[in-house]
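Q: heads up, no residue letters with this:
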């Protein structure tokens, strides 16, 4: 009888254990499914927009000149400060040489004015003065004799006037020679030195302008990145302000998304977001809200939200359509 009882009880216990085990296993599977659902719902995708380059620069020339060499092409990688275009600078070099010569001349004139006069200059001025004095002495004697004759009625009034003019001219020449000699002995006046200094300053400013123009003959990359546009070829003329090449930084990407004000009011700058694109399946990328525009778009009444992307693997590319998720 005991044997029959055991045969009946064992199947019941085994069945109960199996049923309990299945229930536990089913509960575990259900928990896994619920956890996966929760993970997928961590980000609510509320915004979307095209991925754009956040740092792009159009490079232009500051002067009009012929292109002598183009050192990059579309797709070229450049570093900040690298030469990308060289212009023909022969005329600019000649202008700078002329400006440098003008500076040298102005400095020489100033130096001569500030230094003492050379002995030979003073000797020459002394000889000129001696000659002027001799001329004056002759003119004075001639005038005195003519006046005496005129007083005696032996000379005409015209002869006296001529003698007077000769005396006046000789006197003026003597005075001028005396002043010239005195100036050489004393050096240049303060006024004349200031004039020479102004000439030096003017020449140096012209040299700086010529140097800047010459430096503009080499066009460099203002940022590091890749060349995305090239609008110029060797031998063509540049125009100031016209875009020659465009350079963008592929590591600085962003998404400009427009959202209703009702959503924007719950966002804040610096908030972390997630990004996904259809071209890269089962992958999410990190981003940060960098700007929330304070003004509404007049056409859509939406608010511009700018998201800065973080992509260390460079999988994201400009032009991809991105969905932006806010973590719940």
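A: Now that the structure is in, tell me what you want to look at. Being a predicted model, the structure only gives us computed values, none of them experimental. Numbers count the residues shown, from 1 in each chain.

Q: over to residue 184: give its phi and psi.
A: phi -70, psi -40 (degrees, to the nearest 10).

Q: and what of residue 74?
A: The phi/psi pair for residue 74 (degrees, to the nearest 10) is phi -60, psi 130.

Q: tell me what residue 326 is bridged to.
A: residue 44, residue 273 (DSSP bridges).

Q: that one contacts residue 46, doesn't it?
A: Yes - contact status for residue 326 versus residue 46: in contact at 5.7 Å, counting by C-beta atoms under 8 Å. No exception for glycine: its C-beta is placed from N, CA and C like everyone else's.

Q: would you mind measuring from the residue nearest in space to the middle of the chain to residue 254?
A: Taking C-alpha atoms, centre = their mean, the centroid of the chain lies closest to residue 222, which sits 7.9 Å from it. According to C-beta to C-beta, to the nearest Å, residue 222 and residue 254 sit 19 Å apart.

Q: again with residue 60
A: 24 Å.

Q: so these two - more neighbours on which side?
A: Shown here are residue 60 and residue 254; by other C-beta atoms under 10 Å, residue 254 has more neighbours (22 against 17).

Q: using the three-state scheme, assign that one.
A: When classified by DSSP: H, G, I helix; E, B strand; the rest coil, residue 254 comes out as strand.

Q: how close does the residue nearest to the centre of the chain get to residue 277?
A: Separation of residue 222 from residue 277 (C-beta to C-beta): 29 Å.

Q: who's in contact with the lengthiest strand in the chain?
A: Scanning the chain for the longest strand, with DSSP state E as the assignment, gives strand 280-296. Strand 280-296 is contacted by residues 43, 254-255, 261, 264, 267-277, 302-311, 315-316, 324-325 when judged by C-beta atoms under 8 Å, 6 or more residues apart in numbering.

Q: pairing partners for that strand, with directions?
A: Sheet pairing for strand 280-296, assigned by DSSP bridges, gives strand 272-277 (antiparallel), strand 302-310 (antiparallel).

Q: can you select the buried ones from the contacts of strand 280-296 in PyMOL?
A: To isolate the buried ones among the contacts of strand 280-296 in PyMOL, judged by 16 or more other C-beta atoms under 10 Å, type:
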select buried, resi 43+254+255+264+267+271+273+274+275+276+277+302+303+304+305+306+307+308+309+311+316+324+325
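
Q: sec struct for residue 222, please.
A: Strictly by three-state DSSP, residue 222 counts as coil.

Q: low pLDDT regions in the stretch 1-150 of the chain?
A: Scanning the stretch 1-150 of the chain for pLDDT under 70 picks out the ranges 1-41, 116-118.

Q: which residue ranges of it form strands?
A: 43-53, 56-60, 67-70, 77-78, 83-87 (DSSP state E, counting those that start in this stretch).

Q: which of those strands sits closest to residue 105?
A: Smallest distance to residue 105 across these (C-beta to C-beta): 28.9 Å, for strand 83-87.

Q: other SSEs contacting that closest one?
A: The contact analysis (3 or more C-beta pairs under 8 Å, 6 or more residues apart in numbering; DSSP states H and E) places strand 83-87 against strand 67-70, strand 218-220, strand 243-248.

Q: what is the shortest one packed up against?
A: Packing partners of strand 218-220 (3+ C-beta pairs under 8 Å, 6+ apart): strand 83-87.

Q: hmm, who's touching the strand it packs on?
A: Against strand 83-87 from outside (C-beta under 8 Å, 6+ apart): 59, 61, 63, 65-72, 78, 216-221, 227, 232, 238, 244-245, 247.

Q: what does stretch 173-191 give?
A: Residues contacting stretch 173-191 (C-beta under 8 Å, 6+ apart): 113-117, 121-122, 125-126, 128-129, 131-133, 135-136, 196.

Q: the same query, at a cut-off of 7 Å, please.
A: Residues outside stretch 173-191 that contact it (C-beta atoms under 7 Å, 6 or more residues apart in numbering): 113-114, 116-117, 121-122, 125-126, 128-129, 132-133, 135-136.

Q: mind listing what's buried in that stretch?
A: Those would be 173, 174, 177, 180, 181, 184, 188, for stretch 173-191 by 16+ other C-beta under 10 Å.

Q: how many neighbours does the nearest residue in space to residue 171 that is not next to it in sequence have?
A: Distances taken as C-beta to C-beta, 6 or more residues apart in numbering place residue 136 nearest to residue 171, at 5.8 Å, with adjacent residues excluded. Using other C-beta under 10 Å, residue 136 is surrounded by 20 other residues.

Q: can you pull the contacts of residue 136?
A: Residue 136 neighbours (C-beta under 7 Å, 6+ apart): 170, 171, 174.

Q: can we see that at 8 Å?
A: Residue 136 sits in contact with 167, 170, 171, 173, 174, where contact means C-beta under 8 Å, 6+ apart.
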